[in-house]
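# this one's structure only:
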């Protein structure tokens, strides 16, 4: 990054201080920590794509806070045990998939393997067997766990460097290519493509990056997802960091 970009990233990191709760973790504007694991993964994943030296230690620190008291490899959304989102059996695919990508991008292979050892025993199903009961604090309902997504499987193959499965990536990367054409939402596809670029890229993943570069609405979609106008669901500086990471990944100079 040039000096202007470094300054902008540092300013955005400072702006993120407005979105930190009791545990100094990333929370929504209204203080809700139900998506903290997801937000931490996108924050540290974006920083790594932008070559920030602080990314790996920050991710280590945040995950240690989030997972404090849990067995190695288990995660929760947030460490506040008074909230429904502290339940480690309520970690859905949308929380864990970006976390896996962030672990890979930051070289935290040991943490990746610890998590996957637990998941292999359950056929790679996620730890999302319980959910809160609407209107009944403390009550839980049981549900079927989430299946791993195809881009997540691609990330696992790349993260573990399983080269014998490289041909399978051509098929799995089609899901990432398709996701570029849909709503980018929080920007998970950016992390997925960064993982692909880091190891065992395919012509499909390269095609997806070109498609993302040509997508005129990409920045608008990310800003829309991270906007503050919903009363707390958005974290605007994180959206800007994701846009900068996308531009770095696709070679767009802005």
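Nice, thanks for sending it over. Source: prediction; values computed, not measured. Numbering: from 1, shown residues only.
# Check which residues of stretch 161-169 are buried.
Taking 16 or more other C-beta atoms under 10 Å as the neighbour-count basis, stretch 161-169 is seen to contain the buried residues 165, 169. To be clear about C-beta, it is placed using only N, CA and C from the backbone, and glycine gets the same treatment.
# That stretch: end-to-end distance?
Stretch 161-169 stretches 12 Å from its first residue to its last (C-alpha to C-alpha, to the nearest Å).
# Give me the contact list for it.
Stretch 161-169 has contacts (C-beta atoms under 8 Å, 6 or more residues apart in numbering) with 154, 157-158, 196, 199-200, 202, 204-205.
# switch to 7 Å and redo it
Contacts made with stretch 161-169 from outside it, assessed by C-beta atoms under 7 Å, 6 or more residues apart in numbering, are listed as 154, 157, 199-200, 202.
# How about stretch 182-196?
Among residues not part of stretch 182-196, those counted as contacts by C-beta under 7 Å, 6+ apart are 38, 42, 45, 49, 97-98, 101-102, 104-105, 151, 155, 158, 173, 176, 179-180, 205, 208-209, 212, 218, 221-222, 225, 242, 245-246, 249.
# where exactly do the helices run in the stretch 1-150 of the chain?
3-15, 36-49, 55-66, 93-105, 109-120, 150-159 (DSSP state H, counting those that start in this stretch).
# and the second one, average pLDDT?
Per-residue pLDDT over helix 36-49 has a mean of 97.
# now the first one
What helix 3-15 shows for mean pLDDT is 93.
# Taking helix 36-49 as reference, get the angle to that helix.
160 degrees (axes from the mean of the first three to the mean of the last three C-alpha atoms, to 10 degrees).
# quick one: contacts of helix 3-15?
Identification of contacts with helix 3-15 by C-beta under 7 Å, 6+ apart yields 1, 50, 52, 237, 240-241, 244.
# any chance of these in CSV, plus neighbour count?
Listed next are these as CSV, based on neighbours: other C-beta atoms under 10 Å:
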residue, neighbour count
1, 13
50, 20
52, 19
237, 20
240, 20
241, 28
244, 22
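# Just put those residues in JSON lines and tack on distance to residue 93.
What follows is the contacts of helix 3-15, written out as JSON lines (distance: C-beta to C-beta, whole Å):
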{"residue": "1", "distance to residue 93": "32"}
{"residue": "50", "distance to residue 93": "25"}
{"residue": "52", "distance to residue 93": "26"}
{"residue": "237", "distance to residue 93": "25"}
{"residue": "240", "distance to residue 93": "26"}
{"residue": "241", "distance to residue 93": "23"}
{"residue": "244", "distance to residue 93": "26"}
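# still on that earlier bit, out of the helices of the stretch 1-150 of the chain, deepest packed?
When the helices of the stretch 1-150 of the chain are scored by mean count of other C-beta atoms under 10 Å, the highest mean neighbour count falls to helix 36-49 (a mean of 27).
# What is that helix packed up against?
Helices and strands touching helix 36-49, as assessed by 3 or more C-beta pairs under 7 Å, 6 or more residues apart in numbering; DSSP states H and E, comprise helix 55-66, helix 93-105, helix 188-198, helix 236-250.
# how does it look with 6 Å?
Packing contacts for helix 36-49, counted by 3 or more C-beta pairs under 6 Å, 6 or more residues apart in numbering; DSSP states H and E, involve helix 55-66, helix 93-105, helix 236-250.
# a markdown table for those helices, including mean pLDDT and distance to residue 34?
Below are these laid out as a markdown table (pLDDT from 0 to 100; distance: least, C-beta to C-beta, whole Å):
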| stretch | mean pLDDT | distance to residue 34 |
| --- | --- | --- |
| helix 55-66 | 96 | 12 |
| helix 93-105 | 98 | 9 |
| helix 236-250 | 97 | 15 |
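# Pipe those into a markdown table and attach distance to residue 169 per row.
Converted to a markdown table, these look like this (distance: least, C-beta to C-beta, whole Å):
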| stretch | distance to residue 169 |
| --- | --- |
| helix 55-66 | 25 |
| helix 93-105 | 14 |
| helix 236-250 | 18 |
